[in-house]
Each structure stands twice: as C-alpha cells, then as structure tokens.
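Student: Give the three-dimensional model of this entry:
(chains A and B)
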There are 2 protein chains.
Amino acid sequence: MRYSQMLIPTLKEDPSEAEVLSHKLMLRAGMIRKLAAGIYSYLPLAQRVLRKTEQIIREEMNRAGAQEVTLPFVQPAEIWQKSGRWNVYGKELMRLKDRNNRDFCLGPTHEEVVTELVKNEVTSYRQLPLNLYQIHIKFRDEMRPRFGIMRAREFVMKDAYSFDVDEKRAEESYQRMYQAYHNIFKRCGLTFRAVEADTGPIGGNFSHEFMVLAETGEDSIFSCNRCDYAASGDKAETGKAEDGSADNLSLGELKSVRTPNKRTVEEVTQFLKVKPEQLIKTLIFQEGDNTIAALIRGDHEINELKLQNLLKTEDLFLASDEAIEKVTKAPKGFAGPVGLDIKVFADNSLKGMKNFVTGGNEKDAHLVNVNLERDFQVDSFCDLRFAAEGDSCPRCDHGQLVMSRGIEVGHIFKLGTKYSEALGAKFLDDKGKAKYMVMGCYGIGVGRTVAASIEQNHDENGIIFPVSIAPFEVIIVSVKPKSPEVKDASERIYAALLNAGVDVILDDRDERPGIKFKDADLIGIPLRITVGAKVKDGYVDIKLRKSREAVLVKVEEIVEKVREMINSD
Amino acid sequence: MRYSQMLIPTLKEDPSEAEVLSHKLMLRAGMIRKLAAGIYSYLPLAQRVLRKTEQIIREEMNRAGAQEVTLPFVQPAEIWQKSGRWNVYGKELMRLKDRNNRDFCLGPTHEEVVTELVKNEVTSYRQLPLNLYQIHIKFRDEMRPRFGIMRAREFVMKDAYSFDVDEKRAEESYQRMYQAYHNIFKRCGLTFRAVEADTGPIGGNFSHEFMVLAETGEDSIFSCNRCDYAASGDKAETGKAEDGSADNLSLGELKSVRTPNKRTVEEVTQFLKVKPEQLIKTLIFQEGDNTIAALIRGDHEINELKLQNLLKTEDLFLASDEAIEKVTKAPKGFAGPVGLDIKVFADNSLKGMKNFVTGGNEKDAHLVNVNLERDFQVDSFCDLRFAAEGDSCPRCDHGQLVMSRGIEVGHIFKLGTKYSEALGAKFLDDKGKAKYMVMGCYGIGVGRTVAASIEQNHDENGIIFPVSIAPFEVIIVSVKPKSPEVKDASERIYAALLNAGVDVILDDRDERPGIKFKDADLIGIPLRITVGAKVKDGYVDIKLRKSREAVLVKVEEIVEKVREMINSD
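Tutor: A predicted model of the protein is given here:
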C-alpha cells in the first residue's frame, strides 16, 4: 500500500472531544471518526487492525472447536419476552417497530437468538457439545457513551455460546474458552490477567474477566503476589484478617462517651484519638421490608454487591435517615451494634478485634471498649468489604493482594440452564431422557481490545502496535522522494518486502521528513525503514518503534533483517 | 473439520416455507434458518460460503485500489435530512429513536454516511481519487420479504463509494469497478452478464447491473447474439426496426370502418383480419397537467419508464377514461392520431410503416390505410417500448436481441454530484478552486450472490457449489466407519489433505452410506472421496459432484489427484 493513496487523516493537535488516551490517539492517527454519540466510522487503518485482531480470534476459536455463524442483529421481541429480559433490560436495549408495528430490538447480546436456534436444531446428546460464535456488531444504548470505541453504543464483539449435556462437560467447554482467550490476548501482544468476576445482570453462576493491565483502566484488579489468584475489584475476596495481635489484650470497660456532632469515621477517630481500624462502622440497610445492620472496620469500604449476593437479593439499599432513627433511636451517624434489635452481619475482619469504638445509638454519643459476645451478638460473619492493597490472599498462605488497574476486554460465563430453561432448549440424553442443555457464554470486545492495546502500548509520540495487530508491519519512509536514487531504492525495497509477504506501506508522499517520521510514530508501525542519503553507499536505517533502537542495514540484506526483527517481536 | 462435530442440520423433506429453489436448498442443506420475516441466522456451512465469497470480493476490491472501512449501521436522521432522503425513502427505511428521543435509522445504504465522512477528511485534489468500501449488514424493511436470503430485510452487502475530481476520472473509477466486478463473479464460478440498467431511485446518471443467468431469475435481460450489448428488460434499447419492406408499397386510401365494440388489439385485428403489427395503438397519458399521446405497434409493449425518462418526469400515468374521451371525443378503445390536437410521441418502429390501422376517434370506428405525414404529424420519434426477442441489436449491424432471465447480484452507478452537493463535499482543485466531488457507488449482495449461485448450479440431488465458494472443497465419506481398515485409511487421507492445505470435511458419522452420500450431494461439496471396501487393495473412489464422473484412485496418489481436480474446476 502507498501512503499517498490511503485515507490516513492524521491530526497534529489533540482533539477536544477525546477523554482518554486511546480515544485521543485513534482520532489523531486517523483511525476512527465519530458520526453520533457512541457511533463511529472505522477508517482504513483501524479496519486493518480490527481485521487482524478478528483473524487471531477466529483462528483460536476454530482451534478450540467453536463454529462460526452469523446471527440476526435485528431481533423480534418474542424471544426476549420468553427469556424475561424484554422487561428487565432497561433503556440499553434499543427497541424499534417494523412497518407492521411489530416489536423488535437491536441485539445487545445473543443468548436468546442462539438458544432459540439450537433448541430447534439440536435434539440428541449426539449433537453435543456445540459452541457457536460470531464476530458481529452489537448495539447498547448506553446512558453515557464515552472513551471513543472503548464504551461505544455500536461496537464489534466476538460472542460465543456453548451447549453441553451436563455441568461437567460445560466446565470443560468453559476451560477450553479460558485457554482460547489466553491464546488470543497473548497473540494480540497484550499484558493481561484473567480474574474471577461477578456475573452481573447476564446471570449465570461463575465468570472470569480478561483484563488488559493499564494504568488508565477503569477497573481495579486484585492479584496475589505469591499465587495466581486474581479477581476484579467487585469480586476480590477478603477474609483471613485475624492476625492474632489482639489475643493477649484484656477486655476494657464498656463506656459511653460524648461525641457532639462527630459522625464520620474521620471526625470520631480524630476526636477520640484512635485509629480508623479501631472503629466499627454500623451501616443500616433496607432489604425489601427488613432492616439489617452491616458492621465493618473504619478503614474498610463496604461492598454492597457482596452483601446483595449473600442475601440473594437485588433489592438492597442504604436505609433512609428516618428508618435509621427508627431502629437506632438516634440520628444518622451514631448507630452501633450494642442493644440493636435487628439482624447483624459483620465483616470477617471483626473476628479477633477487641476494645473497639462504635456508635452509641444515642445522639452525640459513642461507645468505647466495645467487645464481641460480651456486649453484642453477630448473626453472621462474612466477606462484606472491598479488598484493599496489602490484604492477605484468600487462597494461599503468605501472599498479599496487590492492586492494579485494567480494562476488561473479554468475559466468560458459566450460564447453567438459565436460558435453556426459559426458552425450552432440551435434548434427549443417552437414556432417552429429556434434559436442559447446560450453557456458557463468552465475549470479546474487538474494538475494545484494540483500544486497550493502545492504552497499554504508547508513548508521547503515539501508538506502539505489536506486530500481530499493527496496521502494517513495516513503513518505508522515503526522505527525498524526488531524488531518483532514493525513489528507486524505496521502490525496490517496497517490492522486495511485498514479494516476501511482509505487510508494508511506502510513505511516498511529497512531504518533509519530519512530518513523515511523526506520522509513522503516531500510527504506531513497529518497524520503520528510512531511505535517505546513505542509500548511495547501499545502506538504509531500520528503527524499532518500541525500543527506539536503530540499526544500519545493507539494502541487499533488508528482507532477511526485517523478517528477523518482525519474528522477534 | 469432522462432520460429527459440525452443526449441519440437513432436512429430508422440502420445507413448506420455501418459495424458490435456492431458498429450499439452503434450508434443506442446513445453511440458514429464519428467525423472523426476512431475518435469517447463517449456520456454519453458510458462514463458510459467505466468508469465501467475501474474501474474493475483498481481494478484488483491494486490487482495484479500494480501501476497506466499516461505517455505522445505526445512523442519525440529520444526514438523511440533509440529503433529502429522510422524507422520500418511505417505509423501507427502518426508523427508530434512542433513549434521548433522537431520530435514527438502520442503514439501507451508506451514501450519506460516507459522503459526510469524506467531506470532513478530504479537502484537496491530492487526496483523490478515493474509493471506500465495506462488507457489512444492511436493513431494508421490505413490504414483502421473500425467497430466503435473496430478498431479506437484514442482509450482507459489499458497498463501495468512489470520489473523484471530475467526470473523466469518475468514469475511470467506474471502469475499474466494472472490471473488479467481472473478476469477482468470474472467481465465484458464476455465468453472468453485465447489463446496462436504469438508475432507479438511488439517483445518478448511468449504471450497470451484474446479472447471474438463471431460468428462475426475477429479471429479464436482452443481449445481442453478435456483439456484447446487453441490457436489463427496463433499459434495453430498440430502434432500428425500419427494414425497408414497405418501401415499394403505395399509399392506400384512408377509410373509416365500423368496428362495433372492438377495442383491444386482439379484437380489432381479428375483426379486420390484419396482423397486430399492422395496427398502431394510441395510448393517452397524463403528464402533470398535460395530456400526450404515445403511438406504438400492436404487437409491442409500451415501456412507461422510457417515456418518463424522455419527458424527465416521475409524474406520468395513463389518462382516465374521462380524460381520454375529452381529447379524442370517443370512448376508450378508439383513440387514434388522426386529427388529434395534443403532442404525439411515436415509437421508432413506426418509421417506414405504411397503410396501418388506428382508432378513429369516434365510437365503434377505426381507420385503415393510415399513413404518416399524409394523415397526421408526429412531434417526436423515440424509443418507447420494451425490447422483444428477435429485435435488431441497437448497437451492431446484424445482431438480434435474445432474452434470458437473471438475478441481479451487483449494481454499479455513476452518481455524479447528487450527494456531494446535498452534503457539501467539496475539495480544492489544483488551481485552488472549490469543486464538488464526483461520486460513484457500487454494490454486491453477498448472500444474494450465494443464492444466485445455487439457482444457477444445482440438480435434483441438491446444490453444486463451484470450488471457489464451496463450504469445503472435499468430503471424505467413510462408508464403514467401524471397520478399523476403513477408519484408519479415512483418517490418514483426512490428515494428508489437511496437511496439503485442502479444505476438507470428514464424514465420520455413524450413519448408513446412503444417508452420507445424500447429504454430501445436498450440501454440494465439489469432490467426494469414498473410502470403502476397495481400500483393502489400496484404492478409493473420487466422484465429481458436477459431472458425476467417478475415478478410482490409489490412496498414495490421492493428494496429487485431488489438487489436480480442484484446480481444473
């Protein structure tokens, strides 16, 4: 490809619409342009990166035994009504009516369509396992589309759905996808972690997120510094806090102290001159018609999702000031567990604590030297808080959790029989008995993977693409395209590389070298060959985008050298 | 790929929902399944055929200098309002509103989006020519979706758009696409014709349709039996009818004859004992507020589209009985040109005719021995009729038109500046002057191409795919998969072919040979290798799906033989 013939509208200035780095760089590199909020055109450079990424995904999915299909994007309401999601999906589901006034939606995900298809075509255990995938657009009418193609409304996704005869086989399918995802992100040149994750509104009972590590990531990840435990911020388990340091302490005398207008952890601990970890926060929640209390250390953060999962409810929220006053007989800010007549859930970190501070259930009063068992009872100890850096690993003996930031690029779920039951997808087992198929679903955001790669790999000059997904492997910069010698050598090298199967672009534009170098860096081509004055002596420069290392190479050795450098990426 | 692991739900019976052959065979071969009217899922076999077809298209588009992009499917109303099509497109344009009540539509075509993009990114003649294409879904809310994926609502299309500095360059871009389309359909193994076509509602000033020849085609095509002229039924020109046969005839005496209640060509010619080609029909049309007459031979059919194009109007229709009576002073059925006081357009075939019959402009009366000039004047001779088989070719000297039927799979248009003017897509030319870009647009229905291939290539046993787009090139049928000898040989041949890069499927199912042979024929795999009893002596059978020719081949020569047979397709 010749640069002069390609639409690569690079920008010198940072576009004002861009909030994050990958968005900014993709706009500046002329890869994407916005048509409407969360709706983008992918220009030729982006298209090449997307196609390469898709091809890696396709090869690994096929290798794992999955079969490619294309499922309808415009979907009839009926199947969403059957699964129950027509009513619960909310405004992200883009609904529309056809000319006959029938209800349809734009596919935000394809569990319904694929289950309906498989239900009609698969009747026997002999036809299972089955894993169907597609690489296709999705539409989610996000409230706040942002970050360019990272959280767009219209986006390209690889989604796969597995169908198995039982849980054990479904687990095997899940593991095959887990491995395929590892291979895919590795081949895309990404540094990533697979983390245990919450299943969220898609349902199902187990899931992993594949996170590309990047400081700019929206999500937090906790991973152990000794074993391979890793989990998303929402999901990361805590628990083994009991360090025995309080074992030898004797119990002090329970006392009420005046704390006028001191409500927050900071106010109370400063006033009483104690550390936040010596205070217990008492949070009052409303769960449907019930009121409950959650106890947590002053230096920890409550994780409501964990409490929801524990109580198996989605109907949980912090109680109103009135409700708090009703159960604690005190205004908000002075709640405590002593004398409280509702169910009390305590975070595991409370175990082994002695002589702590709590609210006094009385205006402007706190209690000191509060102790478990002696002063109040806990209904249940459980994991109620967000993990924090330095927490001990929930899996191994001496590991500690380290926090990093990441961008979710893939998500795999064990769905169980949620959709096969809702849509009636049964098969006859080897004894002729009808059973529900056990499903899994597996997604990769294709555009998001590219954006995440940019968030992870860039410098002040622009994008640094890995060879496997770069729009071109090599760029030839002809610094004096009007000199016959330079032009001729550039053309010869271009032809030789094309001939050798190298994916190469020749910058044949009539522009100053500075502009060409800047563009080559900005669009992130891994190898740059500079053809300039030295070509008289039979030499050209090769520069690596990533390491900035430069080498002088003989023109006749160029193909061999380029191959070697590409393969070592 | 192993047949036992693939989702190929073939059907023994013809599905009742299918109206045309390709639809029936695609359902029977387990390639597609309907989700809703005109909305289909593409199963693994169809997916493979589509991917191969897309890849051929991609390669030829790239070779022609076009660049692949992906444009938004969900499009904001604003750009359609700018082009004026928001109001004129009608119900085929699927409209919807997002969560903020903004108007959007699903892309039925992408002139607006691509022109908007190019307008913002291209400012100079140096950036032109440009040809952007995508392979992506479209949605058209057809009143009557039918024929499976031949006329679906959601379908995959390759659409390309070219931008040039002037008409001459635009013509060159058009010719490159013309050639690319030739290459594409040739590589897809199709027998086709490129025909001159009417531009229809998409606008523009010139177009060709690429028609796959098939008896079951919806469209008629006229092509010359001597030169390469070919045109669609609507567009096919006529004109050189003057055969000189009447040159020596002397003019008869104009007479009015009684023709009580004889109105139609058939009634009048039978009654007067003349041939239909001796009678002239006088058709009265309303064009806005004007009334005009069109004269045409009794054995010809008026082509209203030609009359519309001639008059440059879309507001043309046959006059009402009252309007006819007003201008002819006679009831419908007796109109004639003699004494008529409105503009008269005559088909070219009238030139050179003598002594013909026309209506008498009087109830129950016709005129005989009517002659041009002597009895009435014509305002304009022109091409007003549909071509008919046997017409002389409008381009060469001795050719005759032959009619055939076809399926439109591609359409190329010269658009001119229609969209660049509407959306303001200008560039600065080499003198710094702002000009509108000259556009072309070029479509291929990808699924339609596959369906047309099936309409053209099948027999009573099923589909006959050409090698280039077949889901697999070779199928190995293991007739006794439980015999270790057969199983072993099948596996060895399978491995050897895979290794040689042959796209092969092994039918390893535990089914009777008859079922396997039927399925292999139905799904249309070009080469079938049968591994059976003869393998003991080191032989297998290879059968060609198309010619039904069978050869006995030594197992050790199989790879070579298969390669040879594939390449000769």
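Student: The residue positioned nearest the centre of chain A: what's its closest spatial neighbour, skipping adjacent residues?
Tutor: Nearest to the mean C-alpha position of chain A, by C-alpha atoms, centre = their mean, lies residue A:408 at 1.3 Å. Distances taken as C-beta to C-beta, 6 or more residues apart in numbering or on different chains place residue A:209 nearest to residue A:408, at 5.0 Å, with adjacent residues excluded. No exception for glycine: its C-beta is placed from N, CA and C like everyone else's.
Student: Give me the distance between the one you found and residue B:40.
Tutor: Computed with C-beta to C-beta, to the nearest Å, the distance linking residue A:209 and residue B:40 is 33 Å.
Student: Also residue A:484?
Tutor: According to C-beta to C-beta, residue A:484 stands 57 Å off from residue B:40.
Student: quick one: contacts for residue A:148?
Tutor: A:18, A:20, A:22, A:23, A:26, A:27, A:32, A:40, A:451 (C-beta atoms under 8 Å, 6 or more residues apart in numbering or on different chains).
Student: pretty sure the last one is touching residue A:26, no?
Tutor: So the one you mean is residue A:451. Yes. Residue A:451 lies in contact with residue A:26 (C-beta atoms under 8 Å); the separation is 6.9 Å.
Student: Overlap in contacts, these two.
Tutor: Overlap of the contact sets of residue A:451 and residue A:26 (by C-beta under 8 Å, 6+ apart) consists of A:148, A:149.
Student: what about residue A:287, neighbour count?
Tutor: 16 (other C-beta atoms under 10 Å in any protein chain shown).
Student: Equivalent analysis for residue A:3, please.
Tutor: Number of residues near residue A:3 (other C-beta under 10 Å) recorded here: 21.
Student: Pretty sure it sits against residue A:510.
Tutor: No. Applying C-beta under 8 Å, one finds residue A:3 not in contact with residue A:510, separated by 10.7 Å.
Student: before we move on, back to that, can you pick out the residue with more neighbours from residue A:484 and residue B:40?
Tutor: residue B:40 (26 against 9).
Student: What separation is there between the more buried one and residue B:3?
Tutor: Distance from residue B:40 to residue B:3, by C-beta to C-beta: 23 Å.
Student: Same check on residue A:143?
Tutor: For residue A:143 relative to residue B:3 (C-beta to C-beta), the value is 47 Å.
Student: Ok, residue A:42 next?
Tutor: As judged by C-beta to C-beta, residue A:42 and residue B:3 stand 37 Å apart.
Student: Okay, helices next: where are they in the stretch 301-450 of chain A?
Tutor: Along the stretch 301-450 of chain A, counting by DSSP state H, counting those that start in this stretch, helices occupy A:304-311, A:321-328, A:418-423, A:446-456.
Student: of these, which approaches chain B most closely?
Tutor: For the helices of the stretch 301-450 of chain A, the distance to chain B is smallest for helix A:446-456, at 9.6 Å, taking C-beta to the nearest C-beta.
Student: If you count contacts, what does the strand ranked longest in chain A end up packed against?
Tutor: Counting residues, the longest strand found in chain A (DSSP state E) is strand A:401-416. If contacts are counted by 3 or more C-beta pairs under 8 Å, 6 or more residues apart in numbering or on different chains; DSSP states H and E, strand A:401-416 sits against helix A:167-187, strand A:192-196, strand A:206-213, strand A:219-224, strand A:438-445, helix A:446-456.
Student: Columns mean neighbour count and mean pLDDT on top of these, output as a markdown table?
Tutor: Shown next, in a markdown table, are the helices and strands packed on strand A:401-416 (neighbours: other C-beta atoms under 10 Å in any protein chain shown; pLDDT from 0 to 100):
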| stretch | mean neighbour count | mean pLDDT |
| --- | --- | --- |
| helix A:167-187 | 19 | 97 |
| strand A:192-196 | 21 | 92 |
| strand A:206-213 | 24 | 92 |
| strand A:219-224 | 22 | 92 |
| strand A:438-445 | 25 | 98 |
| helix A:446-456 | 26 | 97 |
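Student: how about the ones you listed in TSV, adding distance to residue B:493?
Tutor: Shown next, in TSV, are those (distance: least, C-beta to C-beta, whole Å):
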stretch	distance to residue B:493
helix A:167-187	27
strand A:192-196	39
strand A:206-213	39
strand A:219-224	48
strand A:438-445	34
helix A:446-456	37
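Student: Out of these, which is closest to residue A:351?
Tutor: For residue A:351, the closest of the helices and strands packed on strand A:401-416 is strand A:219-224, at 20.7 Å, according to C-beta to C-beta.
Student: Closest approach to chain B from the stretch 151-300 of chain A, which residue is it?
Tutor: Closest point on the stretch 151-300 of chain A to chain B, by C-beta to the nearest C-beta, is residue A:154, at 5.4 Å.
Student: Spit out the contact partners of that residue.
Tutor: Contacts for residue A:154 (C-beta under 8 Å, 6+ apart) come out as A:38, A:39, A:40, A:137, A:138, A:139, B:72, B:73, B:74.
Student: from these, which is closest to residue A:420?
Tutor: residue A:138 (21.8 Å).
Student: Convert the helix or strand where the closest one lies to PDB, retaining C-alpha atoms only.
Tutor: Assigned by DSSP states H and E, residue A:138 belongs to strand A:130-139. In PDB, the C-alpha atoms belonging to strand A:130-139 read as follows (Å, rounded to 0.1, in the frame of the first residue of the first chain):
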ATOM      1  CA  LEU A 130     -21.700 -27.400  20.500                       C
ATOM      2  CA  ASN A 131     -20.000 -24.000  20.600                       C
ATOM      3  CA  LEU A 132     -21.300 -21.300  18.100                       C
ATOM      4  CA  TYR A 133     -19.600 -17.900  17.800                       C
ATOM      5  CA  GLN A 134     -19.900 -14.800  15.600                       C
ATOM      6  CA  ILE A 135     -17.900 -11.600  15.100                       C
ATOM      7  CA  HIS A 136     -20.600  -9.000  14.600                       C
ATOM      8  CA  ILE A 137     -21.900  -5.700  15.700                       C
ATOM      9  CA  LYS A 138     -23.900  -5.100  18.800                       C
ATOM     10  CA  PHE A 139     -25.800  -2.100  19.900                       C
END
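Student: so for that strand, what's the average pLDDT?
Tutor: Throughout strand A:130-139, pLDDT has a mean value of 98.
Student: how distant is it from the center of its chain?
Tutor: 18 Å (C-alpha atoms, centre = their mean, to the nearest Å).
Student: can you list contacts of the helix or strand harbouring residue A:530?
Tutor: Element membership for residue A:530, per DSSP H and E: strand A:527-531. If you take C-beta under 8 Å, 6+ apart as the criterion, strand A:527-531 is touched by A:473-479, A:486, A:489-490, A:493, A:517, A:520, A:540-545, A:558, A:562, A:565-566.
Student: same check, this time on stretch A:41-52
Tutor: Contacts of stretch A:41-52 (C-beta under 8 Å, 6+ apart): A:6-9, A:26, A:29-35, A:156, A:446-447, A:450, A:465, A:468-472, A:523, B:67-72, B:113, B:117, B:121, B:132.
Student: again, only this time at 6 Å
Tutor: A:6-8, A:30-33, A:35, A:450, A:469, A:471, B:67-71, B:117 (C-beta atoms under 6 Å, 6 or more residues apart in numbering or on different chains).
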